[in-house]
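Q: using only what follows, build the 3D model:
(one chain, ligands or ions: 1)
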Amino acid sequence: MFANRLRGIEDSIFGLMSALAAEYKAVNLGQGFPDFSGPDWLIEAFNKAMKDGKNQYAPPQGIHSLRKIISDTYLKFYECRIDPENEITITAGATEALFSTILALINPGDEVIIFEPFYDAYYSDIILAGGIPKFVTLHKPNFDFDFEELIIQVTPRTKAIIINNPHNPTGKVYSKNELEFIFETANKHNLYIVSDEVYEFLTYDNLKHISILNIDKHLTRSIMISSAGKTFSMTGWKIGWAIANPKISDAIRKVHQWTTFTVNTPGQHAVAFGFTKLDEYLPIFKEEYQYRRDLIYSELVKTKFTPHKPFGSYFIMVDIPTLEKDDIEIAKELTVDYKVATIPPSVFYRNSDEGKKMLRICFAKTPRTIIEGIENLKKYKA
Ligand SMILES: Cc1ncc(COP(=O)(O)O)c(C=O)c1O
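A: Down below sits the predicted model:
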C-alpha cells in the first residue's frame with residue numbers, strides 16, 4: 001500500500017522512551033532537549049517581530065538579516081567567508097537542512113558513510129533518498145575512529161560522508177587531524193562532506209570547536225548544517241540552515257522550496273537578533289552547560305553506571321553495570337522501576353554491538369532535574 005522507500009524506516013526511539021517516561025512519571029533524562037526555555041529577551045524579540053507585522057511568508061532562502069549575521073558570525077569564528085545571498089539557506093531546523101541536502105545529493109544506490117553511533121535522521125534520510133548507509137564505528141573509550149576503517153568503506157559508489165561534530169550521543173569533539181583526514185579522503189574520492197554542527201557552541205573544558213568551515217574554507221565539497229535550537233535553548237523554534245557553495249546551495253534550495261518553501265518569519269527575526277547578542281550571551285550559556293556537565297559527571301561516578309566524559313554536546317554515555325541485560329532492557333527497567341528515563345543507544349549502531357552496553361543520558365536539564373534523575377539511578381544496584 002505504501003511507498004517502498006518507507007521500508008526500513010522505524011519509529012524514533014525518542015518518542016517511544018518519552019511515552020514510557022510519561023506513563024511511569026519518570027524523570028526524563030532521555031529526551032534530547034532542555035527542560036527550560038532560552039532567554040526572555042529572545043522570547044521578547046519573537047513577540048516584537050510578530051507585533052511589528054513580520055507575519056507573512058519570508059523569502060524561501062530565509063530573511064536577509066539572518067543570513068547576513070550568520071555569515072558575519074562564521075567569518076569571525078571559523079575564518080570562512082560565506083556569501084549570504086548564494087551560500088546560506090534557512091531551513092525548518094537542522095532536520096530539514098539534512099533532509100533537503102541528502103535528497104539533493106543522493107541517488108538510489110549511492111553509498112553514504114556515517115559514523116556510528118549515528119543521529120537517527122541520517123540513516124532515515126539516506127534510506128528515503130534510496131541510498132545505502134555504510135558505517136564507521138566510533139570506538140570507546142574516546143570514541144575515536146580507525147582511519148583504515150573509513151578508507152575500507154569507500155567504494156566507487158560512495159557519494160558522501162556525514163559527520164556530526166560535536167557528536168550526539170557520545171560528546172566527542174572531532175580533532176583537527178581527524179577532520180583533515182576526512183577532508184583528504186573526500187578530496188581523493190570526490191565525495192561530499194555533510195557536517196552537522198548543531199552543538200557548535202557547546203564544548204567543554206575550553207576545548208575549541210573546529211568546524212568543517214575551518215577546513216574546507218572555499219566550500220569545495222562541504223555542506224555545514226546548524227541550527228538555533230541548541231544554541232539558544234529553543235529547540236521548538238525549528239530554525240536551521242545549510243551552508244554550501246552556490247551550486248550545491250542551489251540544489252538544496254530546489255528540494256527546500258518543495259518541502260517547506262519557507263520558514264516561520266518572526267522566528268527568523270528573533271534568531272537574527274539573538275546572533276547580534278552572541279558576544280554577551282555565549283559566555284553565560286557555556287558556563288551554565290559546563291556546570292551541568294560537571295554536575296552530572298560528578299554524580300554519575302557515584303552510581304554503578306560508569307560515565308564517559310563528554311567534551312561537547314549535551315549528552316553523556318554511561319556503561320551498563322551488568323552483562324546480563326542489554327541497553328533496551330535496562331532502559332525500560334530504569335524507567336518503570338527506578339523512575340528515570342534514558343535512551344538505549346544500540347538503535348544508533350549497525351556494525352558494532354558496543355551500544356548494547358551503554359545508555360545515553362541528556363543533561364540539558366535544570367540542576368534539580370539532573371540531581372533527581374541521578375538519585376534514582378543511584379538506587380540501581382545490579
Ligand atoms: C545531531 C543532531 N542533528 C540535528 C538535530 C535536529 O536539529 P533541529 O531541531 O534544528 O532540527 C538534533 C536534535 O537533537 C541533533 O542532535
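
Q: alpha carbons only: can I get the one helix or strand Leu66 maps to in PDB?
A: Assigned by DSSP states H and E, Leu66 belongs to helix 64-78. The C-alpha trace of helix 64-78 is given here as PDB (Å, rounded to 0.1, in the frame of the first residue of the first chain):
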ATOM      1  CA  HIS A  64      18.500  38.600   4.600                       C
ATOM      2  CA  SER A  65      19.400  39.900   8.000                       C
ATOM      3  CA  LEU A  66      19.600  36.300   9.400                       C
ATOM      4  CA  ARG A  67      21.700  35.100   6.500                       C
ATOM      5  CA  LYS A  68      24.000  38.100   6.800                       C
ATOM      6  CA  ILE A  69      24.600  37.700  10.600                       C
ATOM      7  CA  ILE A  70      25.300  34.000  10.200                       C
ATOM      8  CA  SER A  71      27.800  34.900   7.600                       C
ATOM      9  CA  ASP A  72      29.500  37.500   9.800                       C
ATOM     10  CA  THR A  73      29.500  35.200  12.800                       C
ATOM     11  CA  TYR A  74      31.100  32.300  10.900                       C
ATOM     12  CA  LEU A  75      33.700  34.600   9.400                       C
ATOM     13  CA  LYS A  76      34.700  35.500  13.000                       C
ATOM     14  CA  PHE A  77      34.500  32.000  14.500                       C
ATOM     15  CA  TYR A  78      35.700  29.900  11.600                       C
END
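
Q: and that helix, how far from the chain's centre?
A: Helix 64-78 has its average C-alpha position 20 Å from the chain's average C-alpha position, going by CA atoms, centre = their mean, to the nearest Å.

Q: what residues sit buried inside it?
A: Buried residues in helix 64-78, defined by neighbour count with 16 or more other CB atoms under 10 Å: Ser65, Leu66, Arg67, Lys68, Ile69, Ile70, Ser71, Tyr74, Phe77, Tyr78. All C-beta spots, glycine's among them, are computed from the backbone N, C-alpha and C.

Q: for stretch 9-19, same thing?
A: For stretch 9-19, a neighbour-count test (16+ other CB under 10 Å) marks Ile13, Leu16, Met17, Ser18 as buried.

Q: next up, the contacts around the first one.
A: Residues in contact with Ile13 (CB atoms under 8 Å, 6 or more residues apart in numbering) are Asp120, Ile343, Pro344, Val347.

Q: counting neighbours, what do you get for the residue of the stretch 251-382 of the chain found nearest the ligand?
A: The nearest approach of the stretch 251-382 of the chain to the ligand comes at Ser313, 7.3 Å away (CB to the nearest ligand atom). Ser313 is flanked by 28 other residues according to other CB atoms under 10 Å.

Q: state the pLDDT value of it.
A: Ser313 is assigned a predicted lDDT (pLDDT) of 98.

Q: not counting sequence-adjacent ones, nearest residue to the closest residue to the ligand within the stretch 1-150 of the chain?
A: Residue nearest to the ligand within the stretch 1-150 of the chain (CB to the nearest ligand atom): Gly93, separated by 2.5 Å. What sits nearest to Gly93 in space, not counting adjacent residues and going by CB to CB, 6 or more residues apart in numbering, is Lys238, at 3.9 Å.

Q: need the per-residue pLDDT for that neighbour.
A: Here, the pLDDT recorded for Lys238 equals 98.

Q: break this structure down into its domains, please.
A: Listed by automatic domain parsing, the domain ranges of the chain are 4-38+280-378, 40-278.

Q: and the longest one, how far from the chain's centre?
A: The one in question is domain 40-278. So, by CA atoms, centre = their mean, the centroid of domain 40-278 is 9 Å from its chain's centroid.
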